[in-house]
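>>> sharing a model prediction with you, sequence too.
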Amino acid sequence: MRHWRFLLVALLLPVPAAATAQSVPLKGLGRFGGWRDNALVGYGLVTGLSGSGDSRRSAVTRQALRNVLSRLGASVTSDEISSRNVAVVMVTAALPASANVGDRIDVTVSSIGDARSLAGGTLIMTPLLGPDQRTYALAQGPLVAGGYQFESELNRQQRNYPTTAILEGGGTIEVPVEATVLAADGQLSFLLSDPSFATASRIAGAINQRLGVGSAVARNADEVRIRYAGPADGLAGFVAQLEAVDVVPDEIPRVVINERTGTVVAGGDVTISAVTIAQGDIKVTVTAERTASQPAFYAGLASDVRSLVVTNTKLAVDEGRGDVAMTFPSSSVADLVQALARARVDTRRTISILQAIKTAGALHADIIVR
């Protein structure tokens, strides 16, 4: 079989036709202004830990436990508390845009002391505060850590991160919340997840076609203003009607690269201009061999004679027999990746090639490296 040191591949691939764009319901393209979650945070104690809680070095833990016991009628000093079955934690949750008293929400609990694990612990009743320092929910219940950590005689076994736990449905809403999507001027604001002037214009056009000319206007690339003149009790039905409007979104050409896993994800219609790619490498290997030179003599001992260690190095240069040169007419990233795979170019080098093509101005898409 004949080996080629330099492989020239000319691929005359036609430009693929753009795929037929699909319509998407309006609710899949963004959200209405005012409809958002709100962050809640609290500070509490986890009890029932099997010796994996905070140590006596954590003064804040002893103080917090003392405060809890004093509210329950027990009077103790900080010096009298030495248990490692307690851990001080931060409690976080997301308050929905609309919630009623008694609704349940999930809670995340994270250790802020030197606890080794929260597995098996129970969160004591903790108020969850909003940005306005108002209590919106209360959290309490047994934790699910999803991991463990055991340590003995300087040996440790750990799975996942046991210092963070989940309390599913452990938060109870205490203050009702109702988001306001209708502004004082009688308009709704629809905010796009991916700003695009083309998509915003298409949304406004689709709404005007459904509700009449002048019902919506694209304010900028990420916002569409919609006029509402109906009664207050009809707003829910009006929003539901808007969410069902079908829109063909503008496709933003992107190539997503994950260097850690070597993954390249690109749309089939991401194109490249005519480009020539030459890919090759030189591999240099240096090996060292050490030998000992032992002097030999016939009789007697010589105190001034010692063994000599000699190091011999060997240098090998591999110019890379898999060098590849390719010439592409206008084609897509999918065709390029497939051709590089047939030429046995690994994923890491494919990523470097895509970045070089983008630098050269031949790749017509945004590269997002994660």
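Thanks, I have it. Numbering: from 1, shown residues only.

>>> skipping adjacent residues, who's closest to I112 in space?
M90 (5.4 Å; CB to CB, 6 or more residues apart in numbering). No exception for glycine: its C-beta is placed from N, CA and C like everyone else's.

>>> isn't there a strand covering the one you found?
Yes: counting by DSSP: H, G, I helix; E, B strand; the rest coil, M90 is found in a strand.

>>> for it, give me the pLDDT.
Per-residue confidence at M90 stands at 94 (pLDDT).

>>> now for it, how many residues are close by?
15 (other CB atoms under 10 Å).

>>> what do you get for T61?
The number of residues packed near T61 is 26, by other CB under 10 Å.

>>> so it touches A87, yeah?
Yes: T61 is in contact with A87 according to CB atoms under 8 Å; the separation is 6.8 Å.

>>> got any residues that touch both of those two?
Residues touching both T61 and A87 (CB atoms under 8 Å, 6 or more residues apart in numbering): 45, 53-54, 113.

>>> buried ones among the residues you listed?
Among the shared contacts of T61 and A87, those scoring as buried are 45, 53-54, 113 (criterion: 16 or more other CB atoms under 10 Å).

>>> need those in CSV with pLDDT, distance to Q241 and secondary structure, can you?
Below are these laid out as CSV (pLDDT from 0 to 100; distance: CB to CB, whole Å; DSSP: H, G, I helix; E, B strand; the rest coil):
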residue, pLDDT, distance to Q241, secondary structure
L45, 93, 49, strand
G53, 84, 54, coil
D54, 85, 54, coil
G113, 86, 52, coil
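
>>> tell me the one of those residues nearest V245?
L45 (49.7 Å; CB to CB).

>>> quick one: contacts for the closest residue to the closest one other than its chain neighbours?
Excluding its sequence neighbours, the residue lying closest to L45 (CB to CB, 6+ apart) is I124, at 4.8 Å. Counting by CB under 8 Å, 6+ apart, I124 makes contact with 44-47, 68, 140.

>>> circling back to that earlier point, run through the bridge partners of the residue nearest to I112.
Per DSSP bridges, the residues bridged to M90 are Y43, S110.

>>> am I right that it is in contact with Y43?
Yes: if you go by CB under 8 Å, M90 and Y43 touch, sitting 6.2 Å apart.

>>> residues contacting the closest residue to R219 other than its chain neighbours?
Closest residue in space to R219, ignoring its immediate chain neighbours: R225 at 5.2 Å, by CB to CB, 6+ apart. Taking CB under 8 Å, 6+ apart, we find R225 in contact with 187-190, 216-217, 219.

>>> run the last query once more with 10 Å
33, 183, 185, 187-190, 204, 215-219 (CB atoms under 10 Å, 6 or more residues apart in numbering).

>>> can you check P249 too?
Going by CB under 10 Å, 6+ apart, P249 touches 21-24, 28-29, 192-194, 196, 198-200, 202-203.

>>> mind doing that once more with 6 Å?
24, 29, 199 (CB atoms under 6 Å, 6 or more residues apart in numbering).

>>> and it, helix, strand or coil?
From three-state DSSP, the assignment for P249 is coil.

>>> next, work out how far apart it and V255 are.
Distance, P249 to V255, by CB to CB, to the nearest Å: 18 Å.

>>> any idea how far G42 is from the residue nearest to L45?
11 Å.

>>> now swap in L129 and tell me
Per CB to CB, L129 is found 6 Å from G42.
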